[in-house]
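**Q** please find the sequence and the predicted model below.
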Number of protein chains: 2
Amino acid sequence: MSHRLEAQFAFLNEADRLKSVLRATTLVDGSRPENSGEHSWHLALYALILADHAGAGVDINRVIRMLLIHDLVEIDVGDVPIHSANGTAHASAETQAAEARAADRIFGLLPNDLRDDLRNLWEEFEAAQTPDARFAKSLDRVQPVMANLMSGGGTWTTYAVTSDQLDARVGTKIARGAPALWDWVRHKTRAYFG
Amino acid sequence: MSHRLEAQFAFLNEADRLKSVLRATTLVDGSRPENSGEHSWHLALYALILADHAGAGVDINRVIRMLLIHDLVEIDVGDVPIHSANGTAHASAETQAAEARAADRIFGLLPNDLRDDLRNLWEEFEAAQTPDARFAKSLDRVQPVMANLMSGGGTWTTYAVTSDQLDARVGTKIARGAPALWDWVRHKTRAYFG
């Protein structure tokens, strides 16, 4: 038990570093960049509140767990803003390899049973093929859209994003897991871009 | 649906403000105060990783939901550090009334069904009478202990806390929901206090 607890807390203490990984997106009030720890909390809350937009067969408890751990690899790799030059293309083989190494190291701190559970959950999120992962990905894409709308442009201004680029880069992914949600948000983004 | 989504996002955008509520506890690396948004994420991760320390009858998915929303009233009321003069006594009637008003306002932004669900979940956490709430409270108490141990004293230094005071103020509450966890942590706090 003692050895198991040492491993559990080695992981939980390491996870604390996600609070120091900064994203391109700001808080809703625009006061500072959001970090990936508080972002993960906000997304889990999104899942809890927007569960009625999940498609058939979605287990919202699994979605919440997925969102709690989805960004942990950023402790080693950092966040790649979606509208940046590296964010809009598919992730390079190099980035994917770096994230896999980060997952090996970070989930590897855990006892083997938890290591395997969380690693599988993270890989499911990344692959975005199951209903749970698709809904989780939709929420991960819609939250920065709301932050940009609330803060008056945010990363759309930083990266000179157009309405069509937003639809292509973000909208298609939100629509895949939560189509009615994207319909509603799109009215707002269209109004913003004018 | 549109009216419901407006209410859901009014709440989610308001919740963003929890990222600007600062706690007395610092990050594990001591670099800055922790905010209540990232704290809520870390606690939900604690629940996921330490689920094997939950007592009989604990539903870990409910514990995670409880921890995701447990601090939202701090948007209006702020955080009261447990070792501060106001934190060590039982919450005053005034503080309790202020928190109830905050819950009315913040959960009141939601559609009625979600408002009632989350308000009940928050009240269950506050009352600390059910197995789920007791385990959630234990995690809420153990996480700052680990941060203080890792950062070399933290709020124990700030508030000149003794080992006996820690046992009385924090240990009894951790032991109530997770006794084996407190046994293990207590070895470490005893070693710290020497």
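**A** Okay, I see it. Keep in mind it's a predicted model, so treat the numbers as computed, not measured.
**Q** where exactly do the helices run in chain A?
**A** Assigned helices in chain A, in chain order: A:2-15, A:36-49, A:60-69, A:74-77, A:85-88, A:93-107, A:112-127, A:131-151, A:155-158, A:163-166, A:172-177, A:179-193 (criterion: DSSP state H).
**Q** contacts for the least confident helix or strand in chain A by mean pLDDT, please.
**A** Lowest by mean pLDDT, DSSP states H and E among the helices and strands of chain A is helix A:85-88, with a mean of 69. Helix A:85-88 has contacts (C-beta atoms under 8 Å, 6 or more residues apart in numbering or on different chains) with A:80-82, A:92, A:95, A:165, A:169. To be clear about C-beta, it is placed using only N, CA and C from the backbone, and glycine gets the same treatment.
**Q** centroid-nearest residue for chain A?
**A** Residue closest to the average C-alpha location in chain A (C-alpha atoms, centre = their mean): residue A:140, at 4.1 Å.
**Q** and it, what pLDDT?
**A** Per-residue pLDDT puts residue A:140 at 98.
**Q** which residue sits closest to it, ignoring its sequence neighbours?
**A** Nearest residue to residue A:140 in three dimensions, chain neighbours excluded: residue A:43, at 6.0 Å (C-beta to C-beta, 6 or more residues apart in numbering or on different chains).
**Q** okay, now residue A:181: neighbour count?
**A** Using other C-beta atoms under 10 Å in any protein chain shown, residue A:181 is surrounded by 25 other residues.
**Q** wait, it sits on residue A:52?
**A** No - the criterion here is C-beta atoms under 8 Å, and residue A:181 misses it with residue A:52 at 10.0 Å.
**Q** quick one, what contacts the residue nearest to the centre of chain A?
**A** Residue A:140 is in contact with A:43, A:67, A:70, counting by C-beta under 8 Å, 6+ apart.
**Q** ok, residue A:27 - contacts?
**A** A:33-34, A:147, A:151, B:16, B:19-20 are the contacts of residue A:27 under C-beta under 8 Å, 6+ apart.
**Q** then residue A:159?
**A** Residue A:159 makes contact with A:24, A:81, A:83-84, according to C-beta under 8 Å, 6+ apart.
**Q** got the phi and psi for residue A:160?
**A** Main-chain dihedrals, residue A:160, degrees, to the nearest 10: phi 50, psi 50.
**Q** first-to-last residue distance for stretch A:168-176?
**A** Start and end residues of stretch A:168-176 are separated by 12 Å (C-alpha to C-alpha, to the nearest Å).
**Q** biggest strand in chain A, by residue count?
**A** Ranked by number of residues, the top strand in chain A under DSSP state E is strand A:22-26.
**Q** how big is the angle separating that one from helix A:131-151?
**A** Strand A:22-26 runs at 60 degrees relative to helix A:131-151, counting by axes from the mean of the first three to the mean of the last three C-alpha atoms, to 10 degrees.
**Q** hang on, the earlier thing: hang on, isn't the residue nearest to residue A:140 packed against residue A:67?
**A** Yes - counting by C-beta under 8 Å, residue A:43 touches residue A:67, with 4.3 Å between them.
**Q** what residues are shared contacts of the two?
**A** Contact criterion C-beta under 8 Å, 6+ apart; residues shared by residue A:43 and residue A:67: A:136, A:139-140.
**Q** pLDDT on stretch A:66-77, on average?
**A** On average, stretch A:66-77 scores 98.
**Q** what residue ranges in chain A score low on pLDDT?
**A** Residue ranges of chain A with pLDDT under 70: A:1, A:88-90.
**Q** give me that answer again for 90
**A** Applying pLDDT under 90 to chain A flags residues A:1-2, A:80-95.
**Q** looking at it, which residue is nearest chain B?
**A** Chain B sits closest to residue A:41 of chain A, with a gap of 3.4 Å, by C-beta to the nearest C-beta.
**Q** so that residue touches residue B:44, yeah?
**A** Yes - with contacts counted by C-beta under 8 Å, residue A:41 reaches residue B:44, the gap being 7.1 Å.
**Q** between these two, what contacts are shared?
**A** With C-beta under 8 Å, 6+ apart, residue A:41 and residue B:44 have common neighbours residue B:68.
**Q** okay, buried residues for stretch A:128-142 please.
**A** Of the residues in stretch A:128-142, A:128, A:130-142 count as buried by neighbour count, 16 or more other C-beta atoms under 10 Å in any protein chain shown.
**Q** check these and tell me the two furthest apart.
**A** Taking C-beta to C-beta as the measure, these span a maximum distance of 18.5 Å, between A:130 and A:142.
**Q** just the buried residues out of the contacts of helix A:85-88, in ChimeraX syntax.
**A** Here is the ChimeraX command that selects the buried residues among the contacts of helix A:85-88 (16+ other C-beta under 10 Å):
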select /A:80,81,82
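**Q** of the contacts of helix A:85-88, list those near chain B.
**A** Checked against chain B using C-beta under 8 Å from any C-beta of the partner chain, the contacts of helix A:85-88 give no members in range.
**Q** buried subset of the contacts of residue A:159?
**A** Looks like those have A:24, A:81, A:83 buried, using 16+ other C-beta under 10 Å.
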